[in-house]
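In: Structure for this input, please:
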Amino acid sequence: MEPERQRSGRTLKKGRKRSRIPSKLVGAAEAMRSRWDLEEKQQPVAKKARLSTILFAENCEITHGQLCELLKYAVLGKSSFPKPSWCQLFHQNHLNNVVVFILQGLSQLHFYKFYLEFGFLRKAFKHKFRLPPPSSDFLADIIGLQKKQIIENLPKAMEGSLPSASSKVSINLQKDPIIQKYGSKKVGLTRCLLTKEEMKTYHFPLQGFPNCENFVPTKCNGSVTDNSPLFGLDCEMCLTSKGRELTRISLVAEGGSCVMDELVKPDNKIVDYLTSFSGITKKILNPVTTKLKDVQRQLKMLLPPDAVLVGHSLDLDLRALKMVHPYVIDTSLLYVREHGRRFKLKFLAKAILGKDIQCPDRLGHDATEDARTTLELARYFLKYGPKKIAELNLEALSSHQESQEPRNTAELVQQLNTRENCYSYLNLLLYSVLECLDSVGQKLLFLTREADASALSSSQNCQTIKCLSNKEVLEQARVEIPLFPFSIVQFSFEPFSPNLTEEMKKRIKIKWTEMSTVYAGPFNKNCNLRALKRLFKSFGPVRSMTFVLETHQPHLCIQYEVLEAAQLAIESLDDILVEGSCIKVQRPVTELTLDCDTLVKELEQDSENRGTIYLSGVSETFKEHLFQQSSLFLGLEAVILPKDLKSGKQKRYCFLRFKTFSSAQRALSILTGKDWKLKGRHALTPRHLHAWLRGLPRESRLPGVRVIPPPLEQEALQMLKVDHPKIAAWHWGRKIGKLYHNLCSGTLCLILLPGTKSTHGSLSGLGLMGIKDEEEGTTPNTCL
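Out: Next up is the predicted model:
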């Protein structure tokens, strides 16, 4: 972004080009994602700023601090600030403007209650995420003013160290996932080993398990103790006509010496060397004669009976080796992270060991270096214990990682000799968005109603325009937004009363339950109940299935966990001959499902769902098979495999997200064909909605029973005003749409419904974001 000018239509001043290293995704998608990024660099297309949210947290909730990360990065870029921890903003220096619309008083509940009214917003913005309930000053949180207030108090506490910071860590120490798993005392080697159940959960190869029939055991069946030897292992792979195959193996002994470093020639034709990760090229591999069976034999000879293998995402390495080993420590699981996510090896190396690996100036990764690093990380954990790791506050550090950033605040203070220098660095780290803008000669525009006071209004470097009404805010926005590189436009709406809000929450839960319920029948009285249950479960996870005997002939009532399963059952079985009867499959008809068909069609057209497909009947090895035949699936961005919250086991359905609708359509036809034999359709529910609905209280009623609106709601509907949320959703959604269409290309736009917080309860917020015309700048679909 460039300094402020007087007129719109400006062009960005070209900054120096910054090479972008492909982000390494956790799990089996790593190779596919690397290829996408690698080929993207080679496409001769004009660069445009664009967003990717593949790295969204599992629960899709983005904190206000993480929003602030994105806004600061949008202003300054990675030369001054680390990349956002939760999404990717490519070609930041090609952004023209940033505009944030805040719909104060509205929440995620309002968005889905009035989903059909929010026509423009749901269709225009591909990226949606949940927000936690707001604090007393939502604006100050997302701009970073609250952090600034914290840092202003630091010099009083600084006496050569930061006791206030450390005491804060100790307060939250028991909530750290590492402490929750291992306790606070030091643990021995055997405590760090993955159990057989954990190995099964994380898809490690095990003897007697499917797709492991031809795997070779290491013959390490000795008794493991806390003194057993550790060996660091890392493998590099390529993509062949049969999937991923081994091209290099490195084994490092506990003293740090490399005892095995071999290049391996795959058995099948190589279709991609994945050079950006593996460092392997055709020239390097051409003279190699070593085969997989050779390294398997060598590894069995090298490892003693009680050997413990250490690696990062070690399941992938063992699968590439086609070997089974019973004693493993996986550093991506040892350093436990929240919500089932994993830290990257590069980050752990810097944060824990203070060393830089996988440097951008090298061609690919150094397998020996990575193997040695995993070994050092395991030794560090054993030496210092879980409490020491928890005190480093890795979750916070990962949000502010830079190539030259010290490991933690305590180390920073030791490195800097003066109090002034320490304060200066922390001040930089906790810059607000306003200060970021000021550093590049820019100013923030803030448009709001006069009645809505905020700390931002009185801040320096902020041009605040206070208006009497939302209508005046809109009129001023049309004139002023083109004159500022960064704008915040706040509209305010009267929230529902607590009683009415509670009623809305109950209704939306009931509505979603009824939409996910189907009635099927009539069936013969002698029908095969077991076969019927198997048939209906094939469309997706079933919450309950009951026989309805009130009718002349039996019917089934099936309540599914996800809307897609219910819709798939209706589309597949309605008016079909089943068990000798032509059956009807339909939803219950209530006042909450009268517009269900319209809602389903609109959900399909939601920009977030357009490139996503739902599949039922997937096995535990589905992901492995998918990546083995990756050449069939163009533009695959993410594989979402829901797990049972209690058992942790993978459920038998999944969602696949693609870059374009056509890629999703093509994949759907393949996966539901005769070779894969899965059932599926286009997705209807984005991930953040699943997480939110799970958090709502369970409500149930007899389908078909009419709900009479309470007097409060009847009164509200009779007194519809422009600022009533139902009307606001339709009216202001259209107004913002017109304003959005007038923004210049390359504008990062965020729509924030902050949620509400009161003594009566809290409502989560919702964020929508996109870059104007970003789709034109995306690369063509490529074979992953």
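In: next SSE after the strand or helix carrying Lys511?
Out: According to DSSP states H and E, Lys511 maps onto helix 498-515. For helix 498-515, the following helix or strand on the C-terminal side (DSSP H and E) is strand 517-521.
In: any chance you could map the helices in the stretch 301-450 of the chain?
Out: Along the stretch 301-450 of the chain, counting by DSSP state H, counting those that start in this stretch, helices occupy 314-321, 331-334, 345-348, 367-391, 394-399, 409-415, 419-429, 433-439.
In: Now render those as TSV, adding mean pLDDT and distance to Gln553.
Out: Yep, even glycine has a C-beta here, placed from its N, CA and C like the rest. Shown next, in TSV, are the helices of the stretch 301-450 of the chain (pLDDT from 0 to 100; distance: least, C-beta to C-beta, whole Å):
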stretch	mean pLDDT	distance to Gln553
helix 314-321	93	51
helix 331-334	94	53
helix 345-348	90	61
helix 367-391	91	62
helix 394-399	75	57
helix 409-415	42	71
helix 419-429	43	70
helix 433-439	83	65
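In: now those helices in JSON lines, with mean neighbour count and distance to Ser136?
Out: Shown next, in JSON lines, are the helices of the stretch 301-450 of the chain (neighbours: other C-beta atoms under 10 Å; distance: least, C-beta to C-beta, whole Å):
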{"stretch": "helix 314-321", "mean neighbour count": "22", "distance to Ser136": "45"}
{"stretch": "helix 331-334", "mean neighbour count": "24", "distance to Ser136": "38"}
{"stretch": "helix 345-348", "mean neighbour count": "21", "distance to Ser136": "33"}
{"stretch": "helix 367-391", "mean neighbour count": "21", "distance to Ser136": "29"}
{"stretch": "helix 394-399", "mean neighbour count": "17", "distance to Ser136": "22"}
{"stretch": "helix 409-415", "mean neighbour count": "16", "distance to Ser136": "26"}
{"stretch": "helix 419-429", "mean neighbour count": "15", "distance to Ser136": "24"}
{"stretch": "helix 433-439", "mean neighbour count": "22", "distance to Ser136": "19"}
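In: Distance from the helix holding Lys511 to the middle of the chain?
Out: Its chain's average C-alpha position is 27 Å from that of helix 498-515, according to C-alpha atoms, centre = their mean, to the nearest Å.
In: Same question for stretch 327-334.
Out: 23 Å.
In: and the gap between Thr289 and Cys238?
Out: 17 Å (C-beta to C-beta, to the nearest Å).
In: Output the helix holding Lys511 in PDB, but only the C-alpha positions, please.
Out: Taking Å, rounded to 0.1, in the frame of the first residue of the first chain, the C-alpha atoms of helix 498-515 are listed here in PDB:
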ATOM      1  CA  PRO A 498     -32.600 -11.100  25.600                       C
ATOM      2  CA  ASN A 499     -35.900 -13.000  25.500                       C
ATOM      3  CA  LEU A 500     -36.300 -12.700  21.800                       C
ATOM      4  CA  THR A 501     -32.600 -13.600  21.200                       C
ATOM      5  CA  GLU A 502     -33.000 -16.800  23.300                       C
ATOM      6  CA  GLU A 503     -36.100 -17.700  21.300                       C
ATOM      7  CA  MET A 504     -34.200 -17.100  18.000                       C
ATOM      8  CA  LYS A 505     -31.400 -19.400  19.100                       C
ATOM      9  CA  LYS A 506     -33.900 -22.200  19.900                       C
ATOM     10  CA  ARG A 507     -35.700 -21.800  16.600                       C
ATOM     11  CA  ILE A 508     -32.600 -21.800  14.400                       C
ATOM     12  CA  LYS A 509     -31.400 -25.000  16.200                       C
ATOM     13  CA  ILE A 510     -34.800 -26.600  15.700                       C
ATOM     14  CA  LYS A 511     -34.900 -25.400  12.100                       C
ATOM     15  CA  TRP A 512     -31.600 -27.000  11.300                       C
ATOM     16  CA  THR A 513     -32.600 -30.200  13.000                       C
ATOM     17  CA  GLU A 514     -35.800 -30.400  11.000                       C
ATOM     18  CA  MET A 515     -34.000 -29.600   7.700                       C
END
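In: need the contact list for Arg610.
Out: Residues near Arg610 by C-beta atoms under 8 Å, 6 or more residues apart in numbering: Lys126, Glu604, Phe661, Ala664, His682.
In: Then Leu434?
Out: The contact partners of Leu434, taken as C-beta under 8 Å, 6+ apart, are Ile143, Gly144, Leu145, Leu444, Ser459, Gln460, Asn461, Cys462.
In: if you set the cut-off to 7 Å instead, what comes out?
Out: For Leu434, the contacting residues are Ile143, Leu444, Ser459, Asn461, Cys462, by C-beta atoms under 7 Å, 6 or more residues apart in numbering.
In: coming back round to it: please identify which of Thr289 and Cys238 sits among more neighbours.
Out: More crowded of Thr289 and Cys238, by other C-beta atoms under 10 Å: Cys238, with 25 against 8.
In: Just to check, that one is in contact with Lys269?
Out: No. Between Cys238 and Lys269 there is no contact under C-beta atoms under 7 Å: 10.4 Å.
In: quick one: secondary structure of the residue located most distally from the centre of the chain?
Out: Distance to the chain centre peaks in the chain at His552, reaching 49.2 Å (criterion: C-alpha atoms, centre = their mean). What DSSP: H, G, I helix; E, B strand; the rest coil gives for His552 is coil.
In: For it, which non-adjacent residue is spatially closest?
Out: Leaving aside its chain neighbours, His552 sits nearest to Pro522 (7.3 Å; criterion: C-beta to C-beta, 6 or more residues apart in numbering).
In: From Leu314, how far off is that neighbour?
Out: For Pro522, the distance to Leu314 equals 54 Å [C-beta to C-beta].
In: Quick check on the contacts of Leu434: which are buried?
Out: When the contacts of Leu434 are checked for burial by 16 or more other C-beta atoms under 10 Å, the buried set is Ile143, Leu444, Ser459, Cys462.
In: State the phi and psi torsions of Glu620.
Out: When read as degrees, to the nearest 10, the backbone of Glu620 gives phi -70, psi -20.
In: Please apply the same query to Arg652.
Out: Main-chain torsions, Arg652, degrees, to the nearest 10: phi -90, psi 30.
In: and it, how far is that from Lys679?
Out: 11 Å.
In: Check the separation of the first and last residues in stretch 295-310.
Out: With C-alpha to C-alpha, to the nearest Å as the measure, stretch 295-310 spans 18 Å from end to end.
In: Just flag the most distant two among the contacts of Leu434.
Out: Spanning the widest gap among the contacts of Leu434 are Ile143 and Asn461, at 11.0 Å by C-beta to C-beta.
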